[in-house]
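[1] Pasting a predicted model and its sequence here:
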Amino acid sequence: MSEYKNNNTFSFEITKRIPGSLGRAGIIHTPHGDIKTPAFISVGTKGEVRFVSMTDLKKINAQTMLSNGYHLRNISPEIAASGGLASWSGWDGPTMTDSGGFQVMSLGSGLGKVVSMEREKNVINTDPKERLAHVSEDGVSFLDPFTNQEDFIGPEESMQIQCRIGADIHMAYDELTSLADSYDYNVEALARTERWALRSLEEHQKLCDSLGYHQALYGVLQGGRWEDLRRSTAKKMAQMDFDGYGLGGAFLKESLGDILRWCNEELPESKPRHLLGLSRPDDILIGIEMGADTFDCVAPTREARHGKIYTRHGNINITKFADSDEKLDENCDCPTCQANWTRGQLRALLKSQDQEKKRQYYNLASMHNLRFIIRLTEEAREAVINGNFKEYKEEFLNNYFHK
RNA sequence: GGGGGGAUAGCGAAGUGGCUAAACGCGGCUGACUGUAACUCAGUUCCUUAACGGUUCGGCAGUUCGAAUCUGCCUCCCCCCA
């Protein structure tokens, strides 16, 4: 059916498996280079990671950047004209784009709410009358909160946008449901997401044919926290001709491992899987064990800006370390720690009324937290290859949660 | 020497008789944050308490059932004219 399958621009190889589990280490080959997995993908929604330059990204050993079709939709022609996301953004490594599906929830049922993995924090959906995004079979109509303009994105539009942006890996258009949505609603939304997956695939194929080269497309699995939905959608999506899979959803913390297992037991082993939107160390380690290859999340940079600094012995609130001479984290190899910044100095930058100093804090703290999570995936990869992943996981989590 | 304006919680600033322990902003302190509506958001910020209660609006003395708000005197600050 597809010619592009033979042009060999995108592929995945498994280097080593975790015995007795779904986890593996591997390499995703893309036109812009390889991604050694497991890997954390830095989020650069609008084509740049907030307060972190491309040079800084290289310094923290970031392999890939994930941008967002929703945010870049209006300038996607410009991006296409300048040669695609890599050259437009100045990031010369592999890139991914999200479809904009997440915005269905963040502007819709979850508008004004925190996206959390705890059920108690997601008890109610936003009143439909107050939502900025509304779902129909065609796609999602929404009011752009920045421009106040009505707009629409369906699977076809999302593929057109993403192909213009031209990242190496694209995501099918999906509907992310919230933890407050019922089983019945998830059944309905999931069926729609599956139809959108087929439409995404078809449109994407068409666009790639006319472009003359292939960009990879991942199908995105939803289905909430229900095993029957997760397994059935994974089976259906496995039959579709995707290059990889996105594991999506608003996950309940305690069921994350099960959900990933249900999905990945049904998906083809030979294709890469991206766990969308998670980066807490315990989530990443469970994700790796359950067969996820790549991860992305805004938390490392956002929490850095908000004063939460990651350390091997748990997170700290930097504002509590006035005058502290301590480094952020012992033996950290990030540029911030390598330059010997202390907790007290960083706190002073954050608390400063000088915007330049604050921005410097955002940069230094973001690099540290990103490097912390990237290093976690690097160490996990090493452990998988060395055959001691379970020991590594246990030791890391012991240090992280029990000081 | 003459005339005018002002003093409110850590800071700035509302409030001109009861609904005021006192709006709001800043700063401080807690907490949250997971495909970025997020350099954001929530709570808290006189003392004490589990609740109650106590002491406040430059100072002192009054008027009044009741005063940050009205009167008198005092202290300090600012502006204008000499």
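    Arrived safely. Numbering: from 1, shown residues only, chains lettered A, B, ... in the order given.
[2] Spit out the contact partners of the residue in the stretch 51-200 of chain A that RNA strand B sits nearest to.
    Here the stretch 51-200 of chain A gets closest to RNA strand B at one residue, A:L176, 2.7 Å apart by C-beta to the nearest atom of the strand. Any C-beta I mention is one placed from the backbone N, CA and C, and that applies to glycine too. A:L176 makes contacts with A:101-102, A:104-105, A:222, A:248-250, as judged by C-beta atoms under 8 Å, 6 or more residues apart in numbering.
[3] do A:G257 as well
    A:286, A:289-290.
[4] Around the nearest residue to A:L143 once chain neighbours are set aside, how many other residues sit close by?
    Using C-beta to C-beta, 6 or more residues apart in numbering and skipping the chain neighbours, the partner closest in space to A:L143 is A:L132 (4.6 Å). The number of residues packed near A:L132 is 18, by other C-beta atoms under 10 Å.
[5] Wait, A:L132 touches A:G108, no?
    Yes - at 7.0 Å, A:L132 counts as touching A:G108 under the criterion of C-beta atoms under 8 Å.
[6] Tell me the residues that contact both of the two, please.
    The contact sets of A:L132 and A:G108 overlap at A:F142 (C-beta under 8 Å, 6+ apart).
[7] Any quick ChimeraX command for the buried ones out of the contacts of A:L176?
    Buried subset of the contacts of A:L176, written as a ChimeraX selection, criterion 16 or more other C-beta atoms under 10 Å:
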select /A:101,102,104,105,222,248,249,250
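[8] Sort the contacts of A:L176 by pLDDT and name the bottom one.
    Least confident entry in the contacts of A:L176, by pLDDT: A:V104, with 83.
[9] which residues are contacting stretch A:46-57?
    A:42-44, A:60, A:62, A:65, A:67-68, A:71-72, A:79, A:85, A:88-92, A:301, A:305, A:335, A:359, A:362-363, A:366-367, A:370.
[10] Quick check: the gap between A:E254 and A:R119.
    Remark: distance between A:E254 and A:R119 (C-beta to C-beta, to the nearest Å) = 9 Å.
[11] between these two, which one's more packed in?
    The neighbour comparison of A:E254 against A:R119 (other C-beta under 10 Å) goes to A:R119, with 15 against 11.
[12] quick one, phi psi at that one?
    phi -60, psi -40 (degrees, to the nearest 10).
[13] got a list of what it touches?
    A:179, A:252.
[14] Repeat that for the one 10 residues further on.
    Not one residue lies near A:K129 by C-beta under 8 Å, 6+ apart.
[15] Let me see the ranges of the strands in the stretch 151-300 of chain A.
    Under the criterion DSSP state E, counting those that start in this stretch, strands of the stretch 151-300 of chain A are mapped to A:169-171, A:216-221, A:244-247, A:273-275, A:294-296.
[16] And for the stretch 301-403 of chain A?
    Under DSSP E, counting those that start in this stretch, the stretch 301-403 of chain A gives strands at A:308-311, A:314-317.
[17] Is any residue of the first one near RNA strand B?
    Same thing as strand A:308-311. Yes - residues of strand A:308-311 are located near RNA strand B by C-beta under 7 Å from any atom of the strand, namely A:K308.
[18] Give me the nearest residue to the residue of the stretch 51-200 of chain A closest to RNA strand B, chain neighbours excluded.
    For A:L176, ignoring the flanking residues on the chain, the nearest one in space by C-beta to C-beta, 6+ apart is A:M105 at 4.4 Å.
[19] Briefly note if the helix or strand bottoming out on mean pLDDT in chain A comes near RNA strand B.
    For chain A, the helix or strand with the lowest mean confidence is helix A:102-104, at a mean of 87 (criterion: mean pLDDT, DSSP states H and E). Yes - shown here: helix A:102-104 in contact with RNA strand B (C-beta under 7 Å from any atom of the strand) through A:102-103.
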